[in-house]
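>>> Structure for this input, please:
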Amino acid sequence: MKPILRVQGLSKIHGRGCSKCIETTGPEHETNICSWCGSVVAAHDVSFDLHPGEILGIMGESGSGKSTVVKTLFFDEEPTRGSAQFLESPDEDNFAWNLFELNAAQRRWLRNHRFGMVYQNPHLGLNFNVSAGGNIAERLLMSDLVNYKAIRERALDLLARTEVLADRIDDSPKKFSGGMQQRVQIAKALATQPPLLFLDEVTTGLDLSVQARILDLILEIQQELKTAMVVVTHDLGVIRLLTSRAIVMKYGRVIETGLTDQILEDPQHAYTQRLVASAL
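As a prediction, the model looks like this:
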């Protein structure tokens, strides 16, 4: 089966960059800041395939570049170089979207119709000036659904699926706890039933019991809708529970990749070994 997403040589440098940026940064230098020009090599030469219905994990400590990868794929940031192809129906010989070659209108259409994003900070994914139902309605209106009754019914269904009480549909996200805000974010991201979902540190800062319910919800969604997901996290428990394959990043570089069980049970890179040992 063809991948739904193919990423090759993805790189992102913050700053003007220079000829020394790559050779003076990375895990072997213990920094992602170029000593010559001061640019930050947030990610360099990241490549992976994601298949339909698969959950891929990208893990690493803060500053590893893991969030940069999903932000470029969701068009929140411009990559410095590399390519990414999205195939909505990999089983068919259909058109492949070359993500980094699209114009603003095409990117906006993919974000609104085929991609979903759940941010660590709900303020990035939700409009706090409208109700929970209004947030979902905003996304549905972008997908050309304009019937008020149909939109409200869809919003109620999505909130129920994410365990948000129906009588809170008209409440502002400001009145919700962090875990509830994440649930509304997930409901909003799922509004158009996107085949590809990005999750960026969605359980960070939540109580353990809330984390568990959010993770169970993500698994239910994946099993029911067969949504492909890229999960970014520093939490090995999240990686172990959700993902079948994982990528380990450090200072903007991929240092290890493979089946999740394999990486966690028999890590090859010294950094991954320390990560796994610290979680025991």
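>>> how close does the spatially most central residue of the chain sit to residue 19?
Nearest to the mean C-alpha position of the chain, by Cα atoms, centre = their mean, lies residue 198 at 2.5 Å. For residue 198, the distance to residue 19 equals 32 Å [Cβ to Cβ, to the nearest Å]. Using the backbone N, CA and C atoms, a C-beta is placed for each residue, glycine as well.
>>> where does the longest helix seen in the chain sit relative to the chain's centre, distance-wise?
When the chain is parsed with DSSP state H, its longest helix is helix 208-225. Relative to the chain's own centre, helix 208-225 is displaced by 15 Å; criterion: Cα atoms, centre = their mean, to the nearest Å.
>>> can you pull out the strands in the stretch 101-250 of the chain?
115-118, 196-200, 228-233, 245-250 (DSSP state E, counting those that start in this stretch).
>>> would JSON lines of those strands with distance to residue 101 and mean pLDDT be doable?
Output for the strands of the stretch 101-250 of the chain, formatted as JSON lines (distance: least, Cβ to Cβ, whole Å; pLDDT from 0 to 100):
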{"stretch": "strand 115-118", "distance to residue 101": "16", "mean pLDDT": "96"}
{"stretch": "strand 196-200", "distance to residue 101": "18", "mean pLDDT": "97"}
{"stretch": "strand 228-233", "distance to residue 101": "20", "mean pLDDT": "97"}
{"stretch": "strand 245-250", "distance to residue 101": "24", "mean pLDDT": "98"}
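>>> now those strands in a markdown table, with distance to residue 141?
Shown next, in a markdown table, are these (distance: least, Cβ to Cβ, whole Å):
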| stretch | distance to residue 141 |
| --- | --- |
| strand 115-118 | 16 |
| strand 196-200 | 20 |
| strand 228-233 | 25 |
| strand 245-250 | 35 |
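>>> Any idea which of those gets closest to residue 184?
Evaluated over the strands of the stretch 101-250 of the chain, closeness to residue 184 peaks at strand 115-118, with 10.0 Å, by Cβ to Cβ.
>>> what does that closest one contact?
For strand 115-118, the external contacting residues (Cβ atoms under 8 Å, 6 or more residues apart in numbering) are 70, 74, 111, 125, 182, 185-186, 189-190, 192, 194, 196-200, 202, 227.
>>> Let's see that with 7 Å instead.
Applying Cβ atoms under 7 Å, 6 or more residues apart in numbering, the contact partners of strand 115-118 are 74, 125, 182, 185-186, 189-190, 194, 196-200, 202.
>>> Repeat that for stretch 250-270.
By Cβ under 7 Å, 6+ apart, stretch 250-270 touches 25-27, 31-32, 41-44, 46, 57, 60, 64-65, 236, 239-240, 243-249, 271-273, 276.
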